[in-house]
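My questions are about this predicted structure, shown below with the sequence.
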Amino acid sequence: MKNILLELIKGKMATWDRTDIYAVSLYVYDMNDNPCEPVVILGYNTVEQFQKEISNASGSQEAKWNYAFWLQNEELSFGVGETQSVVKQWIESEGYSYFTYEEMFEAEEEPDESLYEGITESFIEVLIEVVKELHESGFIKEQFSKEIPVLILELEYYEEIAEQNLKANPAETVKEFVKFCYEW
């Protein structure tokens with residue numbers, strides 16, 4: 001799964017007009033709130049969008065780092081459509097049980113949580129590895145003429161989000177974002 005996702009991300013990034021992009025996003029959520037159906041959406045934000053949103057946010061740092069103020073561009077959705085089967089195979093190869101939404105939430109008795117607990121954390125670890133590879137291979141610097149952060153995001157900001165991004169990105173690229181997470 002990691003290699004498939006990495007190649008899809010590289011393919012999409014290679015098509016972008018990169019002059020105004022200051023950060024890339026990997027927005028993560030569970031489809032239908034089902035931890036067996038993790039999804040990651042690739043996007044980015046631009047300086048133009050950030051500056052446009054300052055007046056709508058509580059300040060410049062919120063406009064710059066809070067995903068709610070970003071472009072919301074879905075450049076790639078991984079874990080849905082054709083790639084949903086890739087994620088399902090990965091879940092099963094990691095030793096977890098896979099349950100559909102119906103099996104998880106509409107059955108008379110929900111499956112034992114121990115069968116799928118930990119999928120989200122493992123999925124995030126794969127994303128961290130993908131981001132590290134994008135940086136360590138020189139791909140990010142080649143595409144953007146400098147290092148920029150590739151942020152693994154949710155809608156909330158807290159210590160764990162900051163820490164996973166510190167693990168994934170060169171520290172100097174996420175310094176402002178990490179500060180934002182701790183202050184938010």
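Thanks, I have it. If you're wondering where the values come from, they're calculated on a predicted model, not measured in any experiment.

mean confidence for whichever strand or helix holds C181?
Here C181 is covered by helix 171-183, with elements defined by DSSP states H and E. Here helix 171-183 scores 96 as its mean pLDDT.

And what about the residue lying closest to G79 once chain neighbours are set aside, helix, strand or coil?
Leaving out its chain neighbours, the residue that sits closest to G79 by Cβ to Cβ, 6 or more residues apart in numbering is V39, at 3.7 Å. The C-beta positions use only the backbone N, C-alpha and C, and glycine is treated the same way. Here V39 takes the strand state, with states given by DSSP: H, G, I helix; E, B strand; the rest coil.

one step back: give the other helices and strands that the helix holding C181 contacts.
helix 60-65, helix 159-168 (3 or more Cβ pairs under 8 Å, 6 or more residues apart in numbering; DSSP states H and E).

hey, which helix or strand in the protein has the poorest pLDDT?
helix 101 (a mean of 84; mean pLDDT, DSSP states H and E).

Figure out how far it is from the centre of its chain.
22 Å (Cα atoms, centre = their mean, to the nearest Å).

Stretch 51-66 now?
On Cα atoms, centre = their mean, the centre of stretch 51-66 falls 20 Å from that of its chain.

Give the buried residues for it.
E53, A57, Q61, E62, A63, K64, W65, N66 (16 or more other Cβ atoms under 10 Å).

ok, now which ones touch V80?
By Cβ atoms under 8 Å, 6 or more residues apart in numbering, the contact list for V80 reads M31, V39.

Surely Y116 touches E37?
No: here Y116 lies out of contact with E37, judged by Cβ atoms under 8 Å, at a distance of 10.3 Å.
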